[in-house]
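Trainee: Fold the stuff below for me.
(2 chains)
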There are 2 protein chains.
Amino acid sequence: MEFKKLLEQQSEEAFKKYIPTLSIDCAIFSFHENSLHVLTVKMKDQEFWGLPGGYVKKEENVDDAAVRILKDRTGTENIYLQQFYTFGNLHRSEDAFADYHDTIWNKQRFVSIGYYALAEHSKVNLVIDEYSTNVQWHSIENLPSFMMDHRTILDKALSTLREQLNNHPIGYNLLSDKFTMPELQKLYEAILGKKLNRGNFYRKILRYDILTKLDESRKGGAHKAPDLYSFDLEKYNSALKEGLKGSW
Amino acid sequence: MEFKKLLEQQSEEAFKKYIPTLSIDCAIFSFHENSLHVLTVKMKDQEFWGLPGGYVKKEENVDDAAVRILKDRTGTENIYLQQFYTFGNLHRSEDAFADYHDTIWNKQRFVSIGYYALAEHSKVNLVIDEYSTNVQWHSIENLPSFMMDHRTILDKALSTLREQLNNHPIGYNLLSDKFTMPELQKLYEAILGKKLNRGNFYRKILRYDILTKLDESRKGGAHKAPDLYSFDLEKYNSALKEGLKGSW
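Mentor: Predicted structure coming up:
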């Protein structure tokens, strides 16, 4: 069936089921091959990429809707999910459905609540559903053009990660259980958007006393096998409470 | 006129004018007599205090609605205003209007977008309008009972201030142009919710090199007149960009 027809057909049902005017958009991040990635979806009939999203049921908590949408779109549960900002500019969403009938659900004014999620790369299913033609990870160093204001939403998610790096368990949720110091540094560099001095980074991160050096190293590769670390969760969480850069 | 009648009468107009299901609540802070205060409103027919709030017009950006609501409720413009979280639990707001007719505007499910504002205490007008019986500042050390989930909203605003203290110009927007070091320390203590060591605080804040020591002191009082300081805005803003505790 033509996609426009499908949306028209589902429109009445959507008005019954969901809170009007309200949507959720998710910036789902993972760390893969030393680069921060974001999950993007290409909707049918759309030229540009979008962030996965959905709507809030009339009898559903907003946070629960975000969990449900994340599960539907990625097959993952119990991953780190944080609301970060609500996007409410007039006309932020209508262009994408310009040639659709004015009364359909999708062409409303939507105020969209942004959530970011931190996922393990390999555990996310790339689900293509009846609304999409493609789902894929994009490195944030090489982003495509986005539909609506989704680039603004993504940029705000990234600046939130940056601000929260010292207070939220962002490293823990993006890395594997065991990681090398260069991997941790790459992650910090990706989020902060700049190169860090290796010596300074090592000194600072070790001074916080939040890592456990494991009795094993990363096998393979031409160089000397690098040591593996894991987070000492108790110390990490208590350090985050004060802010990783030390309390006043 | 009875208040219930007034709301019933205005209900139809509200459904025409505003986006349904969406509200805005504002935590408006000021620093006064060495204590952090929040502006509270007692609505007619309500037993408990609330945060000032309002609704978003159908043809209005959400951020502009927040500016308008702040101006209507306090007479102030151009003050520091930041969206911080959206509250979307089911049944978060309906108790307050339990004995009103189910179809009135106020008894809808509302998803509420929280904004915090930082105001100069003396510049805020305490506006009592047709919906309220009282408006007053409360010190956060001595808070009353709140209606709906407004205490949750306030607590989230406070924890956001705490997290953003090193990245946002919170001190600058809460203090007068000229302030003493003990006043600045009291402000940090109020936001962080704990006593700070005087010597450590002075050393750290001076090390950031964001203050200008003025050639005057605070007159009056039995003790030696304390020196006055102001923020060096250029240095302050560039330090905030990196995060006040130093960059990585």
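Trainee: can we go C-alpha only for contacts and neighbour counts from here?
Mentor: Will do.
Trainee: For A:M148, which non-adjacent residue is spatially closest?
Mentor: Once flanking residues are discounted, A:M148 sits nearest to A:S93: 5.2 Å by CA to CA, 6 or more residues apart in numbering or on different chains.
Trainee: mind giving me the domain split of chain A?
Mentor: A:3-164, A:170-242 (automatic domain parsing).
Trainee: What residues of stretch A:145-163 count as buried?
Mentor: A:146-148, A:150-151, A:153-154, A:156-158, A:161-163 (16 or more other CA atoms under 10 Å in any protein chain shown).
Trainee: Filter those residues down to just the ones in helices.
Mentor: When DSSP state H defines the helices, the subset of those inside them is A:H150, A:R151, A:I153, A:L154, A:K156, A:A157, A:L158, A:L161, A:R162, A:E163.
Trainee: ok, and which of these reach chain B?
Mentor: A:E163 (CA under 8 Å from any CA of the partner chain).
Trainee: Among the ones in helices among the buried residues of stretch A:145-163, which one lies nearest to chain B?
Mentor: A:E163 (7.5 Å; CA to the nearest CA).
Trainee: In contact with the nearest residue to that closest one once chain neighbours are set aside, which residues?
Mentor: The shortest distance from A:E163 to any residue other than its chain neighbours is 7.5 Å, reached at B:N167 (CA to CA, 6+ apart). By CA atoms under 8 Å, 6 or more residues apart in numbering or on different chains, the contact list for B:N167 reads A:E163, B:L240, B:K241, B:E242, B:G243, B:L244.
Trainee: Give me the spatial nearest neighbour of the fourth one, chain neighbours excluded.
Mentor: Right, B:E242. Counting by CA to CA, 6+ apart, the residue nearest B:E242 is B:N167, at 7.4 Å.
Trainee: And the last one, by the same measure?
Mentor: For B:L244, the nearest residue in space outside its immediate sequence neighbours is B:N166; the separation is 4.6 Å by CA to CA, 6+ apart.
Trainee: Go ahead and name everything in contact with stretch A:125-145.
Mentor: Identification of contacts with stretch A:125-145 by CA under 8 Å, 6+ apart yields A:3, A:35-44, A:48-49, A:73-76, A:151.
Trainee: Narrow the residues you listed to just the buried residues.
Mentor: A:35-44, A:48-49, A:73-74, A:76, A:151.
Trainee: List the ones among the residues you listed that fall in strands.
Mentor: Among the buried ones among the contacts of stretch A:125-145, the members falling in strands (DSSP state E) are A:S35, A:L36, A:H37, A:V38, A:L39, A:T40, A:V41, A:K42, A:M43.
Trainee: so which two of those are the farthest from each other?
Mentor: Largest separation among those by CA to CA: A:S35 and A:M43, giving 24.9 Å.
Trainee: how about the strands in chain A?
Mentor: In chain A, the strands defined using DSSP E lie at A:18-32, A:35-43, A:53-57, A:80-87, A:111-118, A:132-139, A:179-180, A:211-217, A:227-231.
Trainee: so the worst-scoring helix or strand of chain A on mean pLDDT versus helix B:150-164, what angle?
Mentor: Across the helices and strands of chain A, mean confidence by mean pLDDT, DSSP states H and E is lowest for helix A:233-242: a mean of 86. Interaxial angle of helix A:233-242 relative to helix B:150-164 (axes from the mean of the first three to the mean of the last three CA atoms, to 10 degrees): 100 degrees.
Trainee: Just the buried positions in helix A:233-242, please.
Mentor: A:Y236, A:N237, A:A239, A:L240.
Trainee: For it, enumerate the helices and strands it packs against.
Mentor: Applying 3 or more CA pairs under 8 Å, 6 or more residues apart in numbering or on different chains; DSSP states H and E, we find helix A:233-242 packed against no helix or strand.
Trainee: to the chain's geometric centre, what's the distance from that helix?
Mentor: 23 Å (CA atoms, centre = their mean, to the nearest Å).
Trainee: Next: stretch A:163-174.
Mentor: Offset of stretch A:163-174 from its chain centre (CA atoms, centre = their mean): 13 Å.
Trainee: Near chain B, which residues of chain A? Just list them.
Mentor: So chain A meets chain B at A:19-21, A:59-63, A:83-90, A:113, A:163-164, A:167, A:196, A:200-201, A:245, A:248 (CA under 8 Å from any CA).
Trainee: from the buried residues of stretch A:145-163, which is closest to A:K186?
Mentor: So of the buried residues of stretch A:145-163, ranked by how close each gets to A:K186 (CA to CA), first place is A:R162, at 13.7 Å.
Trainee: Would you check that that closest one makes contact with A:I191?
Mentor: Yes: with contact defined as CA atoms under 8 Å, A:R162 reaches A:I191; the gap is 5.8 Å.
Trainee: Quick test: name the residue nearest the centre of chain A.
Mentor: Most central in chain A under CA atoms, centre = their mean is A:I28, positioned 2.1 Å from the mean C-alpha point.
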